[in-house]
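In: A structural model of the following input is requested.
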Amino acid sequence: MSDILNKLTKQITENQILPADQMTAGFDEMMEGKASPVQMAAFLIALKMRGEAPSDIAAGAGSLRRHALTLDAPDNAMDIVGTGGDGIGTYNISTATALVLAGAGIPIAKHGNKAVSSKSGAADVLTASASILTVQKRLYLKLLQQQKLFF
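Out: Numbering: from 1, shown residues only. Here you go, the predicted model:
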């Protein structure tokens with residue numbers, strides 16, 4: 001349970017625009033696993049209902065960047081990700097493209113997620129093919145060099 005997120009959520013429901021450092025603290029609480037799913041939902045819904053200020057978006061983006069896993073990929077490695085949500089139920093083209101390019105010897109550091117508004121996301125496709133989706137950070141470069149594909 002995050003007391004910080006509870007306090008911020010209450011202030012947001014009172015239509016307050018919070019200072020960047022407080023919003024950053026709220027997003028950090030979520031990124032560090034200190035908030036429950038219910039608290040995170042309440043916080044984000046409160047933001048949506050009040051209306052997101054540019055400073056809120058900046059605080060969230062900054063927190064995401066600070067908590068992102070960084071990898072030292074080879075200079076010629078590519079990242080392929082689709083935007084998802086085409087609304088017409090097409091197949092996952094970005095993952096298919098990543099597999100074709102890796103098969104051609106191009107190193108691909110793919111990222112993606114499960115489907116939200118489509119039939120399949122990258123994680124769904126790779127799970128269905130029995131691929132390993134979680135790899136320790138120290139092993140990713142070896143996979144990228146040997147298999148030409150890392151997710």
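In: going by C-alpha atoms from here, please, whenever you check contacts or count neighbours.
Out: Fine.
In: enumerate every residue touching residue 78.
Out: Neighbouring residues of residue 78 by C-alpha atoms under 8 Å, 6 or more residues apart in numbering: 106, 107, 108, 109, 110.
In: quick one: what helix or strand has residue 4 in it?
Out: Per DSSP states H and E, residue 4 falls inside helix 3-13.
In: in that helix, what counts as buried?
Out: Going by neighbour count (16 or more other C-alpha atoms under 10 Å), the buried part of helix 3-13 is 5, 6, 8, 9, 12, 13.
In: relative to residue 100, which of the residues you listed is nearest.
Out: Relative to residue 100, the closest of the buried residues of helix 3-13 is residue 5; by C-alpha to C-alpha it sits at 43.9 Å.
In: between the buried residues of helix 3-13, which sits nearest residue 66?
Out: Using C-alpha to C-alpha, the buried residues of helix 3-13 come closest to residue 66 at residue 5, 18.5 Å.
In: and the strands in this protein?
Out: 108-109, 149-150 (DSSP state E).
In: which of those comes out lowest on mean pLDDT?
Out: Sorting the strands of the chain by mean pLDDT places strand 149-150 lowest, at a mean of 60.
In: tell me the domain ranges of the chain?
Out: The record's domain parsing of the chain by automatic domain parsing lists 3-67, 69-151.
In: worst average pLDDT in the ones you listed?
Out: Across the domains of the chain, domain 69-151 gives the lowest mean pLDDT, at a mean of 72.
In: show me where the protein has its helices.
Out: 3-13, 20-31, 37-50, 54-67, 93-103, 122-128, 140-147 (DSSP state H).
In: identify whichever of these lies nearest to residue 73.
Out: helix 140-147 (6.9 Å).
In: still on that earlier bit, contact partners of the helix holding residue 4?
Out: For helix 3-13, contacts defined as C-alpha under 8 Å, 6+ apart pick out 18, 22-23, 25-26, 29, 35, 39-40, 42-43, 46-47, 49-50.
In: tell me the most packed of these, by neighbour count.
Out: In terms of neighbour count, residue 26 stands highest of those at 26 neighbours, by other C-alpha atoms under 10 Å.
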